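**Q** Any chance you could fold what I've pasted below:
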Amino acid sequence: MLQSHFLHLSSPEPTARLAEWVDNEIDTERVRCPINDGHQRGGKRLNNLSIALPGSSVDDFVWTWCSECLLTDRVLELFKASGFTGFEVKPVKARFRYANEVPPRLWELVVTGWAGMAPAESGIKLIEDCPACGHKVYSAWTNPEKLIAHSQWDGSDFFMVWPIPNYVFVTERVAQTVRDNGLSGAVLKSPGELMFPRRVIPTLSPGRLSYSMPEQRARELGEPLGIY
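**A** Below is the predicted model:
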């Protein structure tokens, strides 16, 4: 499969449709660095998502301000029927922020497929690595068309590339299912179209792989690379 057949599944504009965390219902780890106060930060989310939805309707795909991708039952059943690989789901507690109706059931997409580290040709490189707390900072990409190395791809229909775990990459099989069924709430772009928001986020600080993947899978992939 050529890289041109890999696509990025993402939230469409505008941001008015993004769901918000219900903060008092979500717990996260706190990471404290013993040598650098600037590295104190939030870590892994410890429970399932609880979200507030804007408006009074729900697309097939729902996205949060923290870049989580949520699926309706319709989408999940389509993905299962198609035999797609490289993902799991977690239940989501959802409500409308300004409406009393009960929203449809939603599932958080958890990507388990893998295409390794972004190649050096992409422009991404490690620029900070704290020996005490493991905080890593990477430079932004400059050549997005080089983000995916086919040789590192495990063959999954859904997969991530490190250090951009919140970017959901899919195969053409997934993209065609989205198109054929007219699924709403998502757009598909080639990797080469990805623009880095430099004015908002000058560098990449993805945390640990275990923040984004199930524990066993994250350990298997992340320990040899020092990103678990």
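**Q** ok, residue 18 - how many residues close by?
**A** 17 (other C-beta atoms under 10 Å). Placement of C-beta: from N, CA and C, glycine included.
**Q** Could you check how far it is from residue 53?
**A** To residue 53, residue 18 is 9 Å away according to C-beta to C-beta, to the nearest Å.
**Q** What of residue 68?
**A** From residue 68 to residue 53 the distance is 13 Å (C-beta to C-beta).
**Q** Check residue 110 too.
**A** From residue 110 to residue 53 the distance is 20 Å (C-beta to C-beta).
**Q** Could you check which of the two has the larger neighbour count?
**A** residue 53 (23 against 17).
**Q** Pretty sure that one sits against residue 65.
**A** No. The pair residue 53 / residue 65 is not scored as a contact, 11.9 Å apart, by C-beta atoms under 8 Å.
**Q** Give the residues shared as contacts by these two.
**A** residue 19 (C-beta atoms under 8 Å, 6 or more residues apart in numbering).
**Q** low-confidence ranges in this structure?
**A** 1-4 (pLDDT under 70).
**Q** So in it, which strand runs the longest?
**A** If you go by DSSP state E, the chain has its longest strand at strand 87-96.
**Q** Tell me the strands beside that strand, with direction?
**A** strand 50-53 (parallel), strand 106-111 (antiparallel) (DSSP bridges).
**Q** Format these as a markdown table; extra columns: distance to residue 134.
**A** As requested, those are exported to a markdown table (distance: least, C-beta to C-beta, whole Å):
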| stretch | distance to residue 134 |
| --- | --- |
| strand 50-53 | 28 |
| strand 106-111 | 22 |
